[in-house]
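>>> here is a sequence with its predicted model. Questions after.
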Amino acid sequence: MSLPDCRRVRAMVPMLVQCLLLMIAVLTATPSRAHVFESSRALVFFDRGETMLGMRLAVNAEAIIAGVDPLVKDTNDSPQAAEYDRLRQLPPAELAKAFDPFVAELFASMRMNLDGVRIEPIIESIEVADVGDLSRPRPTVIQIKGELLPGAKAFTFGWAPKYGKLALRTNSERARNLYIEILEPGATSTPLVIDDLKDRSQLAMIGDFVKIGFEHIVPKGLDHI
């Protein structure tokens, strides 16, 4: 991409953000008890000095426990809708207790690799949000860490298809660029060069950013606006 093209792409970002925020405000003005099965979200970071990597993973614990198919666009369309709704009303401590038996399987499905070699993810904490607004899904945030081996160059991540899509973002003290990628169910991320996260073009990352916005705002397509 030429320098003028790069400048035009950068200039598009604020406009895209404003458009997406406006669409969210308009289209979510009337709450619904049905929840979109959103992509899970992960932020991974690397610390050479502490020889560790960390990940902040936000998942829909209720959907995982109830066994909602990630291909379902609306939780009311799932045969597990009643169980999902019951779990959604549980206090944080009770949902955390219900989620605990599913954590080991979730972690076993993770493919967290450095230079093609799997590293063992370690749970630091699991935080369930308050019940809050029942018209919206609530996140359960899992803090994960792992050893960043000296000299490790590339990181990849993936998990089992049953957990659905994942929006992966990264940052690093030495990285010059933000990295964003949408992983389809069961897919593995593009190898991330830890000290220089610039492998994907800005245009590709903006495309994924827009995709995240539209899947969140209009999960059943533009004809459902």
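Looks like it arrived, so ask away. Residues are numbered from 1 along each chain as shown.
>>> name the helix or strand of the chain that has the lowest mean pLDDT.
helix 202-217 (a mean of 42; mean pLDDT, DSSP states H and E).
>>> low-confidence stretches in this protein?
Low-confidence segments of the chain (pLDDT under 70): 1-38, 171-178, 196-225.
>>> now do the strands in it.
Using DSSP state E, the strands of the chain run over 40-47, 52-59, 113-114, 117-118, 122-128, 140-147, 154-156, 166-172, 179-183, 192-193.
>>> will you turn those into a markdown table that also has distance to Gly67?
All C-beta spots, glycine's among them, are computed from the backbone N, C-alpha and C. What follows is those, written out as a markdown table (distance: least, C-beta to C-beta, whole Å):
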| stretch | distance to Gly67 |
| --- | --- |
| strand 40-47 | 16 |
| strand 52-59 | 14 |
| strand 113-114 | 27 |
| strand 117-118 | 26 |
| strand 122-128 | 18 |
| strand 140-147 | 16 |
| strand 154-156 | 27 |
| strand 166-172 | 18 |
| strand 179-183 | 21 |
| strand 192-193 | 31 |
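>>> to Pro92, which of the ones you listed lies closest?
Distance to Pro92, taken as C-beta to C-beta, is lowest for strand 122-128 among the strands of the chain, at 4.0 Å.
>>> now that closest one and strand 52-59, what's the angle there?
30 degrees (axes from the mean of the first three to the mean of the last three C-alpha atoms, to 10 degrees).
>>> taking strand 140-147 as reference, get the angle to strand 122-128.
If you take the same axes, to 10 degrees, strand 122-128 sits at 170 degrees to strand 140-147.
>>> so which bits of strand 122-128 are buried?
Buried residues in strand 122-128, counting neighbours by 16 or more other C-beta atoms under 10 Å, are found at 126, 128.
>>> check which helices and strands that strand is in contact with.
helix 92-109, strand 140-147 (3 or more C-beta pairs under 8 Å, 6 or more residues apart in numbering; DSSP states H and E).
>>> now, of these, which is deepest in the fold?
Ranked by mean neighbour count under mean count of other C-beta atoms under 10 Å, the helices and strands packed on strand 122-128 are led by strand 140-147, which reaches a mean of 18.
>>> that one pairs with which strands, parallel or anti?
strand 52-59 (antiparallel), strand 122-128 (antiparallel) (DSSP bridges).
>>> and the ones you listed as JSON lines, adding distance to Ala160?
Output for the strands paired with strand 140-147, formatted as JSON lines (distance: least, C-beta to C-beta, whole Å):
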{"stretch": "strand 52-59", "distance to Ala160": "12"}
{"stretch": "strand 122-128", "distance to Ala160": "17"}
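>>> circling back: ok, which of the helices and strands packed on strand 122-128 comes nearest Ile123?
strand 140-147 (6.3 Å).
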